[in-house]
Each structure stands twice: as structure tokens, then as C-alpha cells.
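A.B. asks: I would like the atomic coordinates for the input below:
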Amino acid sequence: MEEMRILLKYADQINPESAQDYIKVGGYKGLEKARLMEKKALIEEVKKSGLRGRGGAGFNAGMKWSFVPQDAPVKYVVCNLDEGEPGTYKDRIICEKNAHALLEGMAICGAAIGSDQGYIYCRGEYPFIVKLLKNAVQSAKQAGALGNFDIEVRMGAGAYVCGEETALIESIEGHRGEPRFKPPFPGVAGLWGVPTVVNNVETFACLPYILTNGAQWFATIGAAKYPGTKVVTLTGDIVNATYFEVPTNMTLRDVIFKLGGGIKNGKKFKAVQVGGTSGAFIPEENLDTPIDFDSMGTIGAALGSGAVLVLDETRDIVDTVARITKFFEHESCGKCNPCREGTFRMREMVQKVNEGKGTERDLESILLLARVMRRASLCGLGQAAPIPVESTIKHFKYEYMRKLI
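C.D. replies: Take a look at the predicted model:
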């Protein structure tokens, strides 16, 4: 199976800031079509395509839009470009190569829900992307491509938790970036208390191609229940540490050993973490799993952001996980006890084991704490933080056992 470029088809062939360049390769035709459709028909078209969120949750995009009350006088479209997951840079690549697909996708969403205002929330470490997007918005306005739909670019302050949609909304409003209690969900009461659709960059960027080519076309690409392509980013002990756009029925093995070129320096494969730092570590026996959302779930993993971190045989799994627990402890916003205290205690216990001071009782305590965090944490940060620890104890327990007292 080969790479399949849709979002990145014209990468490095057009100026990503130029609306005219984008229009020359068929850009903004999907938006033209969308504006001729009834709102309900447009939402149904997106539903039929099977497009599901590319930011991690995997929820049907059209279904999410349908929750927005059509009679609300003010509604907002928000793009999540926080992308704080270490090893993840797919959204940055999409913006660098095809920024106008994002803008067009947001405008299509605006046409579907009846909104004329969009916001792009960009992570604080991407100042150059903020500049690029502002230039792209200005170019689109000059070309008259967006019509009455306006887009404002906002920059975050570097908080990982703002990747969670309600914390992102709080940050745009000028508040501390902390998640809200749900319900109500943003579709009912989001930015400044009005109905808001929040989707990921990659999700929005798929929409122009769905509208241009039809829902059925998109639905036949990749996995039946998670159709389309996925931009994956490869890092770690791999020959081709870069990005690829692949159909969602491609297996992990093909991503790593065909597109990625295999393990560098002639070493053997040990593990792969999929979905970013909060993802599960997967052993070699599961590499023939397709990368679609549901298939990843069957092996206790998550596709998440599409980040693929490869580890060779020389890597110390426990030491790797100990470093990850430090990251989550640092990034917890502290709003809820299970995450605030849990990430601290998790780091403390894993570090103890890593230093050769732990016992089997510590491993039992780690797993018990992990279950509590997953069930009781307010948002995805605390719920996902234990996953790397749990998955490595499940698949690589021998590495923990040899460090115990």
C-alpha cells in the first residue's frame, strides 16, 4: 500500500498563503457548492462522507454539527490548532502546505451551521504559523473567496491542556486555560456562551475535497468506518523521520517499515507509541493493525493525533515512560484532584521503579491509580495520562520486573 495525498497533493507546488494559487488548483469550489445547499442537506452530506474527527476523539463531524441549534442568532466556528502533543506536527504541515483548505473548510462549516465568524486557536510555539495564516486570511478576503465569513487567528500561551476544546474556549475568552464541566457541550453553549463547533485542522481541511468530489467518493477511501486519509508524523528510531498522508486502512507495519524505511542503524524493533505522548505503546505482534480509529481501539490503543514514535531494541521502556509522566505532571492544569494529584503520584511511583527502588506492590498501586485517573479526571489530559504506563506494564512488564527490588 502506498501513500495517498489528498490534503497534501499540491505540497510545495503552491504558495500556501496565496488564495489565487489555491484557486488555480480547484480551491474554494467546495465552498461554492456548499453555499448553494440547504443547511440540513449540507450537514447530511458531511455525515454521509463518514468524516470523523482527526484530532483524537474520532466523532462524526456532521453529527457534531447537527447538535448546534439552527435558530441561535449567533454561532461560532473554532479550529483547534493547539497541537501540543509531543511528536505531533501534522496540523503545522497542513497549514504550511495547504492553509487555504483549512480556511475553506471552516467556511463550509459556517455555511452548514449558519455562522459568519471563525477563530483559529494556534499553539504559542507556532508564531510563524500565526503569521502564515493571517496572510492567508487576508489573501482570501482580497480574492473574495470567503464571502461574509470572517476568520480571526488567536495564539495560545503554550499550555498543553488547551488542546481540550473547552479549555481552548476558555483561553480564547481570555481566561485561564482550564476545561469546563460538561454538559453543556460547546455545540449548545461554547465560546462566550453561544453554540460553537470546535474541530481539528485536519478535519476542516478534508471538507473542501468532500464537497468537491462528493460524500460517496470520500467514504470509499481507506477504512469503511473511518474513511479518508490520515496525515501521520514519524519520529524516533526510524529511517525516514518525516510525515506521510496515507489511507486509513494502511497497517502500522506498512507505515513503519515501508514508508518509514524501518528501524535505523540496523537495530531491531521494540515498540511503537501511536497517537502522541498520551498514546499506548504497541508491541510487534500488533503491527498488522490498520491505523483507523476503531482498529486501534481493538488493541487498546488510539489513533489520536497520528503521531508515530518508534523505539528500537536499545531503548529502556521504563525510563521512557518515566519521562512521559514528568510531562503530564508539568502540564496538568490542576483543576481536578484526580489529575492534579494523580499525575504527581504517578510520576513519583514510576520514577521510584525506574531508579530500582520499587516493589511489586508499587506496580499494583500504579495500576490502581491509573484506573482512578481514567474514570475520575475532568478532561482528556488526566484520562489519557496513565495510558502509556498501563500499556507498557501490560506488554513490557518484564522491563519493570527486572528493576524491582
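
A.B. asks: for the helix or strand where residue 245 lies, give me every contacting residue.
C.D. replies: Using DSSP states H and E, residue 245 falls within strand 243-247. Strand 243-247 has contacts (CB atoms under 8 Å, 6 or more residues apart in numbering) with 1, 3-8, 89-90, 93, 221-223, 228-234, 255, 259, 291. C-beta here means a position set from N, CA and C on the backbone, and glycine is covered the same way.

A.B. asks: check which helices and strands whatever helix or strand comes next after it sits against.
C.D. replies: Once strand 243-247 ends, the next helix or strand along the chain (criterion: DSSP H and E) is helix 252-253. Here helix 252-253 touches no other helix or strand, going by 3 or more CB pairs under 8 Å, 6 or more residues apart in numbering; DSSP states H and E.

A.B. asks: the next helix or strand after helix 252-253 pairs with which strands?
C.D. replies: Per DSSP H and E, the first helix or strand lying C-terminal to helix 252-253 is strand 269-274. Using DSSP bridges, the strands paired with strand 269-274 are strand 281-282 (antiparallel), strand 307-312 (antiparallel).

A.B. asks: residue 267: which of the ones you listed is closest?
C.D. replies: Among the strands paired with strand 269-274, the nearest to residue 267 by CB to CB is strand 307-312 (3.8 Å).

A.B. asks: put the alpha carbons of that closest one into CSV.
C.D. replies: Listed next in CSV are the C-alpha coordinates belonging to strand 307-312 (Å, rounded to 0.1, in the frame of the first residue of the first chain):
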residue,chain,number,x,y,z
ALA,A,307,2.0,10.7,15.8
VAL,A,308,4.1,7.6,15.5
LEU,A,309,7.0,7.2,17.9
VAL,A,310,9.2,4.2,17.1
LEU,A,311,11.6,2.7,19.7
ASP,A,312,14.4,0.3,18.9
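
A.B. asks: okay, buried residues for that strand please.
C.D. replies: 307, 308, 309, 310, 311, 312 (16 or more other CB atoms under 10 Å).

A.B. asks: surely residue 99 touches residue 14?
C.D. replies: No. Here residue 99 lies out of contact with residue 14, judged by CB atoms under 8 Å, at a distance of 9.9 Å.

A.B. asks: looking at the two, which is more packed in?
C.D. replies: Set residue 99 next to residue 14 and count neighbours by other CB atoms under 10 Å: residue 99 wins out with 28 against 20.

A.B. asks: which pLDDT value goes with that one?
C.D. replies: Model confidence at residue 99, given as pLDDT, is 98.
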